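>>> Pasted the sequence and its predicted model underneath.
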Amino acid sequence: MVRPDHTDGDHMTFDSDSHPLPWHREWAGLLKNDPVAAGFIMLAFLMPFIGFVSSRAVSVLLPLFTILMAGAYLARTKDFAAFKSNAWFFIAVLLALVAITGFWAFDPGMAAERFGKIFFFTSLGLILFQLAGMSGNNDALARKVLIAGTIIAIALYTWAVVTEGGLYTLLSPESEWAAQFNAANKPANALVLLTGAIFIAAAAQGKTLGAWMLIAALFIVMFFSPSQSSLAGMAVWIAAYGIARGAPGFARQLTSLGGAALILAMPFLFAGLFALNPDRSLDWQAASLGARLDVYYAVGLQILQAPFLGHGIEAARFISDWPIEIIHMREGTFHHTHNGFLQLWLEFGVLGGALGAAGWFFFTRHVAHWSAALQPALIASLAAFFFVFSVTYGAWQSWWLSGIAVAAALTRFVAHGAERDMA
């Protein structure tokens, strides 16, 4: 442990030869001199496991920490220019689409509510991501607490698998079975989004073997859990990491250009697949494959009925006359597309698909700016996110928006420090 020696501009520097301070005084100094790093350290500890306590608790992390951290940063620096970004343009276009399509949305009241939610979470998410590049020299502690939080998450996840409920069921014994299932499924997928940050955190401590042991432990517990999307997402992460290690240039192009092209082609792809398999004989119950293909076929064909204007925000909740009969789902209907990119297409038409593709391309191409040592883990994280976003959850769920933003910001924060320390 080291004590604060002096401050350099806005950030604290340390003298490793000085006498250690008690932990509470060191923490107080960190809160005072680098509140952004202090906030990310707390986020790094909480994010891996907080969802196993309450699956929706993740939705609180983004607004709570971003408001406190941004407020502390601006109070000290008055540097509003630090939050300038071209990404604000994408948020503005998204909000414009929500507002415009709200005029023909099925429920104008819900459209207005979703406008506020999307503005709130996407704006705070971008601010948190920007804050991840503004901290001082305290990234090493964040890496350590992220590893500690991950170990707690693995323990809680294992408990949930063994007891078919875990801590959430213990705290909420009256909850329905579906809620108990999602109590493990949701935080498991949040862990998939954090996998790159977890791997980098352990590897940057000089423990590459330990990093792979954490990945293996996550994969094993997911293998025995009912969360098939998280298991598949982890498998995608491992496969993408291997490809990126062997062919980094190809992996970068496949991620950026290939991902953008797939977003643009997605409704046509599923409409074409339905034409090849109109009787829908493919039904793999173990992974709900038939049910998901039912949804994707129906949504893809519905998109092609209004490809330019879209059907308005949250259209899937209200459409009942889909172009095909839903045969592999017991309810015969669904409330969201189980594919975030298809949801953009369904709700906003071609402009939504183009916005998703452009945003994906311009965000992912920045991977090339990171060191070669970090790129495989970052590419793998993007691939895993793309997969999970494409097979599960509604795009506008609060906990999901918050989890994506916090995971992206933590990954940037951990990678930024690891790159500097490994240079």
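That came through fine. Numbers count the residues shown, from 1 in each chain.
>>> What is the lengthiest helix in the chain packed up against?
Across the chain, the helix with the greatest residue count (assigned by DSSP state H) is helix 177-204. With contacts defined as 3 or more Cβ pairs under 8 Å, 6 or more residues apart in numbering; DSSP states H and E, helix 177-204 has these neighbours: helix 50-53, helix 58-77, helix 139-163, helix 166-171, helix 208-223, helix 228-246, helix 375-391, helix 398-422. C-betas here are computed from N, CA, C, even on glycine.
>>> Next, format those helices as a markdown table and append mean pLDDT, distance to G125 and mean neighbour count.
Conversion of the helices and strands packed on helix 177-204 to a markdown table gives the following (pLDDT from 0 to 100; distance: least, Cβ to Cβ, whole Å; neighbours: other Cβ atoms under 10 Å):
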| stretch | mean pLDDT | distance to G125 | mean neighbour count |
| --- | --- | --- | --- |
| helix 50-53 | 91 | 17 | 24 |
| helix 58-77 | 94 | 6 | 18 |
| helix 139-163 | 92 | 19 | 20 |
| helix 166-171 | 74 | 25 | 18 |
| helix 208-223 | 95 | 24 | 17 |
| helix 228-246 | 96 | 20 | 20 |
| helix 375-391 | 97 | 13 | 24 |
| helix 398-422 | 91 | 3 | 23 |
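>>> Select, out of those, the one closest to R114.
Judged by Cβ to Cβ, the one of the helices and strands packed on helix 177-204 that comes nearest to R114 is helix 398-422, at 10.7 Å.
>>> just how off-centre is that closest one within its chain?
Helix 398-422 sits 9 Å away from the centroid of its parent chain (Cα atoms, centre = their mean, to the nearest Å).
>>> and the longest helix of the chain, which residues are buried?
Judged by neighbour count (16 or more other Cβ atoms under 10 Å), helix 177-204 contains these buried residues: 180-204.
>>> That one to helix 58-77, inter-axis angle?
On the basis of axes from the mean of the first three to the mean of the last three Cα atoms, to 10 degrees, helix 177-204 is oriented at 40 degrees to helix 58-77.
>>> can I assume H416 is in contact with L131?
No. H416 lies out of contact with L131 (Cβ atoms under 8 Å); the separation is 11.1 Å.
>>> Let me see the ranges of the helices in the stretch 201-350 of the chain.
208-223, 228-246, 248-253, 259-276, 289-303, 340-364 (DSSP state H, counting those that start in this stretch).
>>> who are the neighbours in contact with the residue lying closest to E314 once chain neighbours are set aside?
Nearest residue to E314, sequence neighbours excluded (Cβ to Cβ, 6 or more residues apart in numbering): M110, at 5.6 Å. Applying Cβ atoms under 8 Å, 6 or more residues apart in numbering, we find M110 in contact with 313-314, 317.
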